[in-house]
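In: Only the shape, not the letters, is given here:
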C-alpha cells in the first residue's frame, strides 16, 4: 500500500440537509470501491494503491454532482511512498479509539 489520501468535499447547495445527503452518497461510492477508508468529522481517509486512489479521487466530484450538487469543492491531501508502505490509518489512529 503505497498511498493514502484524505478527501473533504463541500457540495454547493442551498439546503444544509442536502449537503449531508450528497456527502453520504460520495461515502457510499467510496465504500463500493473496496478500498480501506475511515470517515472523520471533516474528511475521509482512504488507503491503497496510488493509481486506484487517483481513479477514485477523479470520480468523487462527478458523484457529488450526479447526486444533485451544482458544484463540488474538493480538498485533498495525498501521501505517496515510492518504496515501501505508507503508515496505515490504523497505525495513526487506533491508539485514540
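Out: Everything's here; your move. Remember, it's a predicted structure, so these values are computed and weren't measured experimentally.
In: how about the strands of the protein, start to end?
Out: 3-12, 36-39, 44-48, 71-80 (DSSP state E).
In: what packs against the last one?
Out: Read that as strand 71-80. strand 3-12, helix 50-66 (3 or more C-beta pairs under 8 Å, 6 or more residues apart in numbering; DSSP states H and E). Where C-beta positions appear, they are placed from N, C-alpha and C, glycine not excepted.
In: Could you do the third one as well?
Out: Contacts defined by 3+ C-beta pairs under 8 Å, 6+ apart place strand 44-48 against strand 3-12, helix 16-33, strand 36-39, helix 50-66.
In: ok now the third one, how far from the chain's centre?
Out: The gap between where strand 36-39 is centred and where its chain is centred comes out at 8 Å by C-alpha atoms, centre = their mean, to the nearest Å.
In: Buried residues, it. List them.
Out: Under the neighbour-count criterion of 16 or more other C-beta atoms under 10 Å, strand 36-39 has residue 37 buried.
In: Show residues contacting it.
Out: 27, 30, 31, 44, 45, 46, 47, 48, 88, 89, 93 (C-beta atoms under 8 Å, 6 or more residues apart in numbering).
In: In a markdown table: the helices and strands packed on strand 71-80, plus distance to residue 18.
Out: Output for the helices and strands packed on strand 71-80, formatted as a markdown table (distance: least, C-beta to C-beta, whole Å):
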| stretch | distance to residue 18 |
| --- | --- |
| strand 3-12 | 7 |
| helix 50-66 | 11 |
